[in-house]
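In: Okay, structure incoming, though there's no sequence with it:
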């Protein structure tokens, strides 16, 4: 199967793959730069990006803003001509400042989810940065397109559809995830063999087609193409082919890039993926109520048993967080993960993380995903 380059405006990635943003500290400048160098779109996660800075505990906002520039420069040095962007969550405190810092750094693209980025065009202003909302349903896509058109007279430059097999925080309620799992058997764990599983698989494919139809309507209105990228559970050539058969223009892949030499995470984090079994991949509830997908480890077992994990002073990461009420601090848990302190960590992952068997290079992963 021949794949066309992924184009949005004046940006072109010769390989139609976006490396998904992974925070805290999993996709930074090294991974994003390497993906961009190989021909994909490299994405730096802005989530608590300054966690290694000496003043992070005292002033996380300043540390994060400073590190956005540092990590972008690191990525750009690796890929002078590559496409490099940031993933910035709507749920983050100081969201506007982080978007502005990414634009000032020189980002080609901003991908934004964990909430609907309704006012992202306002923050971006007249800059040339490309804007890409993450959606999981036709309804959310329609809301964004209508609002951006009415209030800002513009449309997204690219759309990322994130399905139920994705990792980290998910754009579905727990009930929706349970519905997909009930309807598709083991689909939510990456298996698509039985009749019931194929029915569930088809159900989300129908949602993807509805989103594509919505995008098509607005493409005709603005008279230019709006590429659509599909994410969630895409970990091999067959999944890439299935995605393109639906009519999307590219795929977003995250989990496969964790177990690469160039990934910014500690080797012990990568080893946790290699050691994980299928039954270890579970749906978890973050401290701020959002469902996510992670590896079941000692830390997660404590949380599930109702244990309240002591945490550091608040680092101001997410809007909907009350430090006095949370069972654990998500910043602490994800920093433990990035540092390789895996038994004290929240180990976010995609549904197929258990399939990882070896450490590869970014180039090897991309070649494998897009092989004939």
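Out: Thanks, I have the structure now. In this text, all values refer to a predicted model and were calculated from it rather than measured experimentally.
In: following the helix or strand bottoming out on mean pLDDT in the chain, which helix or strand comes up?
Out: Between all helices and strands in the chain, the lowest mean by mean pLDDT, DSSP states H and E belongs to helix 174-184, at a mean of 62. Using DSSP states H and E, the helix or strand that directly follows helix 174-184 along the chain is helix 195-222.
In: So which residues of the stretch 1-150 of the chain form helices?
Out: Using DSSP state H, counting those that start in this stretch, the helices of the stretch 1-150 of the chain run over 29-38, 60-78, 95-105, 120-124, 138-147.
In: right, so these: which one is the most enclosed?
Out: Of all the helices of the stretch 1-150 of the chain, helix 29-38 has the most neighbours on average by mean count of other C-beta atoms under 10 Å, namely a mean of 26. For the C-beta atoms, the positions are set from N, CA and C on the backbone; glycine is no exception.
In: Run the angle between that one and helix 60-78 for me.
Out: If you take axes from the mean of the first three to the mean of the last three C-alpha atoms, to 10 degrees, helix 29-38 sits at 30 degrees to helix 60-78.
In: ok, now how distant is the spatially closest residue to residue 67 that is not a sequence neighbour from residue 340?
Out: Ranked by C-beta to C-beta, 6 or more residues apart in numbering and with sequence neighbours excluded, the top spatial neighbour of residue 67 is residue 50, at 3.9 Å. With distances taken as C-beta to C-beta, to the nearest Å, residue 50 is found 19 Å from residue 340.
In: Show me which of these two is the more surrounded one.
Out: For the pair residue 50 and residue 340, the greater number of neighbours falls to residue 50 (24 against 15), based on other C-beta atoms under 10 Å.
In: what residue ranges in the stretch 201-350 of the chain are flagged as low confidence?
Out: 201-202, 319, 321 (pLDDT under 70).
In: What segments of it are helices?
Out: Using DSSP H, counting those that start in this stretch, the helices of the stretch 201-350 of the chain run over 237-245, 255-258, 267-275, 298-304, 330-339.
In: tell me the most buried of those?
Out: Highest mean neighbour count of those: helix 255-258, a mean of 27 (counted as mean count of other C-beta under 10 Å).
In: And for that one, what's in contact with it?
Out: Around helix 255-258, the neighbours that count as contacts under C-beta atoms under 8 Å, 6 or more residues apart in numbering are 19-20, 22, 26-27, 31, 35, 167, 235, 263, 265, 269-270, 273, 349-350, 352-353, 356, 362, 365, 369.
In: Please repeat the previous calculation with a cut-off of 6 Å.
Out: Residues outside helix 255-258 that contact it (C-beta atoms under 6 Å, 6 or more residues apart in numbering): 19, 167, 235, 263, 273, 349, 350, 353, 365.
In: Surely the first one and residue 42 touch.
Out: Yes - judged on C-beta atoms under 6 Å, residue 19 makes contact with residue 42 at a distance of 5.5 Å.
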